[in-house]
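> Model the structure of this input:
(one chain, ligands or ions: 1)
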Amino acid sequence: MSIHFDEGSGQFHLRAGRCSYVMQLLKGRWLIHRYIGPALAGEVLAQPMTWAGRPSFSANPLPDDGQLSTDTVPQEFPWYGSTDLRQPAVEVLAPSGASTLDLRYAEYRILAGKPRLTGLPATYVEQDHEAQTLEIDLVDALIGLRVTLSFTAWVEHSVIARSVRVYNEGDQSLRLRRLLSLSVDLPDDQYDYVQLAGTWARERHVQRGRLSSGEHRLESRRGASSHALNPYLALVRPETTETAGEALGVTLVYSGNFMISADVDPYRTTRLLVGMNPFDFEWLLQPGERFQAPEALLAFSAEGLTGLSQTWHRLLRTRLARGAHRDRLRPVLINNWEATYFSFDRDTLVELARSAAELGISLFVLDDGWFGHRDNDRSSLGDWRVDPRKLPGGLDDLAQEIKRAGMQMGLWFEPEMISPDSDLYRAHPDWCLHVEGRGRSQARNQLILDFSRADVRAAITQMLREVLHSAPIAYVKWDMNRNMTEIGSASLPPERQRETAHRYMLGLYEVLEQVTSEFPEILFESCSGGGGRFDAGMLHYMPQTWTSDDTDAIARLAIQFGTSMVYPASAMGAHVSAVPNHQVHRVTPLATRALVAMMGNFGYELDVRRLTAADRAEIRTQIELYKEIQPLILAGDLYRLWTPESGQRTAWMYVSGDQREAVVTVVQVLAEPNPPVQYLRLRGLDPQREYELTLVQTDDKGYLQTPALLYRAHGDELQGSGLEVPQLAGDFRGALWRLRGV
Ligand code: DGJ
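Numbers count the residues shown, from 1 in each chain. Below is the predicted model:
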């Protein structure tokens, strides 16, 4: 059993994978946090709960116990207005106008499996024995508020899924001002934070620093999880490294405004809070209504950052992502964006597709510019009808031609957006997010459709449906290229305006659910100017995301390493593009661009027609190699060996689940004069197994050399003394080894 309740002590013990999580009822009334860490053998903690008496500045809720204050005991779900003066997880305005709550423990239930979260993305079980769920009800009798805390403990994964729903059981309306999904008070402050920060074209760079007194807060107020701070935070012990030590990570399965906070109090405990951002949020809860907060996930590993990442990868890949493509090998694609931008016609596309098909590429993706009269980014979003000037025969004619070339066709959309220069906007100027009487700020010349409105959602879904039925489309890139401003909805009354941003997300999820289930064979890739919405919410509907608009191989090292902290390779789109690179103007060898792009869902984004015969032969070799190692990359265990910040060489490897196969890659940034011999110590291999090694290096022309059979060595030697890295004479060179168990 993953969840056990001990009547005598009032302890709830959740075992998730190799982790234990213990809570306890205090005086039958408060839910207190007791433990998170490596799995415990015993069912109950033997040590009694104790707390130190504190000065009068921490008030006492019980008149006969001057020692006890909820301000200083570790809580599971704190509220505002009584004796805990730290940050609350919930804040509700009562009919009286006061925000004082008194939530008392009422009852608990242990359920097999994991109930679905209505209307929101979430992890799931395929069979009930995979997990158990504990629900705990807290009730405020005065205002009739019931709060149900939900904790799912997985048998196989060291992850606890948490969510919260509230019910208004009273007879007057309540105003919900904050409802976080996860709150836990950790007993000390000896933590480093590890977070993923950046901006457009340089997303998710790893940052690490020490927690200290006060709040360390990550958040988004942008109406999307955003490029700036990924909804992810790890708290690791100062001594934790990539390979060892305790690490705890949290993420929110949500794509809109979020907050993640690690708040160190004067007694050096750390309150960890995760949920929808309370900033500019309020929800009117009428009698009888309920509100469901998104799911937060908490993962634990005692095996360092690698262990934590592998825990995330397994769960997100197999029990968050869904659909026909979840476990399938993804097609090697070519996208025309960096090859043509907006200027193309049917013949150009067909030539590109034919040329790509000859190289072994199997999916041709037509990006932005195929609809309305969109010759640049100033028009047509919302007019999802093919542009007859560019494609006189329509999409079907193009798709058939592409099919004849031996490829499938994919298509770009930006369904949540509207251009002021569009027929849709001229017909429905109130369909965008806006605040009456205020300006409508444009970004990339576009506004955002009000997906909180059912009529808007229905119209857009219908347009998508018609396009997707009009031609054999095998793939959709779902883009979103701006953040929210002037957030208001013409369809909501004044007292509900602050619900708009969350209602938008619920509306988006409804559309995604509908479209992905109506077209189950289509492979959907999420995108938001690259990785502006790379989050667990979108991953539930679309198994892959375009990682970044920066396609430079060297810049991608940091972006992909950061992304890999949480998200599996099967979620990352990675393409080989032209040089000089369009974002940073760097020139890197074609082979190195491929070695880096092979860290995820591999593809090309350049004009393959203009390549030399030698470049084309190289691409054929790259695709053959990728196809051979693809199962290992998409479903194997990732080990980050040398991180981009640790020096001029970055290295990583994937090991198959049965440890029979591995692939190791090294990429050098700048070459060093007269360099030392470097040995790369491998990880994750079977120490007793003998492996046969082959090496592919980049050559002076920038191509992959013919694979060289090296030698046979046991896993223990490769892990103990390491693999000698060749000299790699030149900047931006790389090497790849394949290890096959004999
Ligand atoms: C932003 C995406 O990230 C790009 O890949 C491309 O699809 C453009 N949008 C098209 O406008």
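> Any figure for the gap between the closest residue to W154 other than its chain neighbours and the ligand?
Counting by C-beta to C-beta, 6 or more residues apart in numbering, W154 lies nearest to A131, which is 4.7 Å off, once chain neighbours are set aside. Placement of C-beta: from N, CA and C, glycine included. A131 sits 35 Å away from the ligand, taking C-beta to the nearest ligand atom, to the nearest Å as the criterion.
> Contacts only, for A131.
2, 113-114, 125, 152-155 (C-beta atoms under 8 Å, 6 or more residues apart in numbering).
> what do you get for R385?
Counting by C-beta under 8 Å, 6+ apart, the residues that R385 touches are 371-372, 463, 467.
> again, but for E156
Contacts of E156 by C-beta under 8 Å, 6+ apart are 17, 130, 314.
> cool, and V579?
586-588, 590, 593.
> number of nearby residues for the residue of the stretch 1-150 of the chain found nearest the ligand?
Nearest to the ligand, among the residues of the stretch 1-150 of the chain, is P121, at 21.3 Å (C-beta to the nearest ligand atom). P121 has 24 neighbours, counted by other C-beta atoms under 10 Å.
> measure it to L512 for me?
Distance of P121 to L512, given as C-beta to C-beta, to the nearest Å: 8 Å.
> between the contacts of R385, which has the most around it?
Counting by other C-beta under 10 Å, top hit in these: F371 with 25 neighbours.
> Need the overlap of contacts for P121 and L512.
By the contact definition C-beta under 8 Å, 6+ apart, P121 and L512 are jointly contacted by Y541.
> quick one, phi psi at the residue nearest to W154?
Per-residue torsions, A131: phi -160, psi 160 (degrees, to the nearest 10).
> Going forward, count from 198.
Done: numbering now begins at 198, and the last item shifts to A328.
> Show me which positions of stretch 892-905 end up buried.
Neighbour counts over stretch 892-905 (16 or more other C-beta atoms under 10 Å) mark 892-895, 899-901 as buried.
> Farthest-apart pair in the residues you listed, please.
L892 and G899 (17.2 Å; C-beta to C-beta).
> wait, doesn't T508 sit right on G214?
Yes: judged on C-beta atoms under 8 Å, T508 makes contact with G214 at a distance of 7.3 Å.
> More neighbours: the two, which one.
Per other C-beta under 10 Å, whichever of T508 and G214 has more neighbours is T508, with 26 against 21.
> can you pull the pLDDT of the more buried one?
The model reports T508 with a pLDDT of 98.
> sorry, back to before: list the ones among the buried residues of stretch 892-905 that fall in helices.
Assigned to helices by DSSP state H, none of these qualify.
> Which residues of this protein lie near the ligand?
Taking C-beta under 6 Å from any ligand atom, the part of the chain that reaches the ligand is made up of 534, 564-565, 609, 676, 678, 724, 726-727, 743, 746.
> Among the contacts of R582, which ones are in strands?
Among the contacts of R582, no residue falls in strands (DSSP state E).
> Looking at this structure, which residue is nearest the ligand?
D565 (3.5 Å).
> what helix or strand does the closest residue to that residue other than its chain neighbours sit in?
Ranked by C-beta to C-beta, 6+ apart and with sequence neighbours excluded, the top spatial neighbour of D565 is W609, at 5.3 Å. Element membership for W609, per DSSP states H and E: strand 605-610.
> tell me the mean pLDDT for stretch 460-476?
Stretch 460-476 comes out at a mean pLDDT of 97.
> Check which residues of it are buried.
Neighbour-count burial for stretch 460-476 [16+ other C-beta under 10 Å]: 460-462, 466-475.
> With secondary structure added, can I get those residues in CSV?
Compiled in CSV, those are given as follows (DSSP: H, G, I helix; E, B strand; the rest coil):
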residue, secondary structure
D460, strand
V461, strand
D462, coil
T466, coil
T467, strand
R468, strand
L469, strand
L470, strand
V471, strand
G472, strand
M473, strand
N474, coil
P475, coil
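> Could you export those residues as TSV, including distance to Y738?
Compiled in TSV, the buried residues of stretch 460-476 are given as follows (distance: C-beta to C-beta, whole Å):
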residue	distance to Y738
D460	32
V461	36
D462	38
T466	37
T467	33
R468	32
L469	27
L470	26
V471	21
G472	21
M473	18
N474	21
P475	26
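> is Q404 in a bridge, and if so with what?
Q392 (DSSP bridges).
> wait, it sits on Q392?
Yes: taking C-beta under 8 Å as the definition, Q404 is a contact partner of Q392 at 5.3 Å.
> quick one: L265 from L346, how far?
22 Å.
> Same question for F455.
In this view, F455 and L346 are 19 Å apart by C-beta to C-beta.
> same deal with Y622?
44 Å.
> repeat for A499
Using C-beta to C-beta, we find A499 at a distance of 26 Å from L346.
> Those two: which is more packed in?
L346 (22 against 18).
> Partner strands of the strand holding W609, with direction?
The strands beside strand 605-610 in its sheet (DSSP bridges) come out as strand 560-563 (parallel), strand 670-675 (parallel).
> what helices or strands is the following helix or strand past that strand leaning on?
Of the helices and strands lying after strand 605-610 in sequence (DSSP H and E), the nearest is strand 614-615. Applying 3 or more C-beta pairs under 8 Å, 6 or more residues apart in numbering; DSSP states H and E, one finds that strand 614-615 makes contact with strand 644-645.
> What is the lengthiest helix in the chain packed up against?
In the chain, with assignment by DSSP H, the single longest helix is helix 810-832. The contact analysis (3+ C-beta pairs under 8 Å, 6+ apart) places helix 810-832 against helix 787-794, strand 798-802, strand 846-852, strand 858-865, strand 931-938.
> And the contacts of the last one?
What it means is strand 931-938. 786, 788-789, 792-793, 795, 822, 825-826, 856-865, 879, 882-883, 886-895, 901, 904, 907, 915, 920, 922-923, 925.
> Filter those residues down to the buried ones, PyMOL style.
Those of those that count as buried under 16+ other C-beta under 10 Å are selected in PyMOL with:
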select buried, resi 786+788+789+792+793+795+822+826+856+857+858+859+860+861+862+863+864+865+879+882+883+886+888+890+892+893+894+895+901+915+920+922+923+925
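> how far off strand 846-852 does the longest helix of the chain point, in degrees?
With axes from the mean of the first three to the mean of the last three C-alpha atoms, to 10 degrees applied, the angle from helix 810-832 to strand 846-852 works out at 60 degrees.
> tilt between helix 810-832 and strand 931-938?
Using the same axes, to 10 degrees: helix 810-832 against strand 931-938 is 50 degrees.
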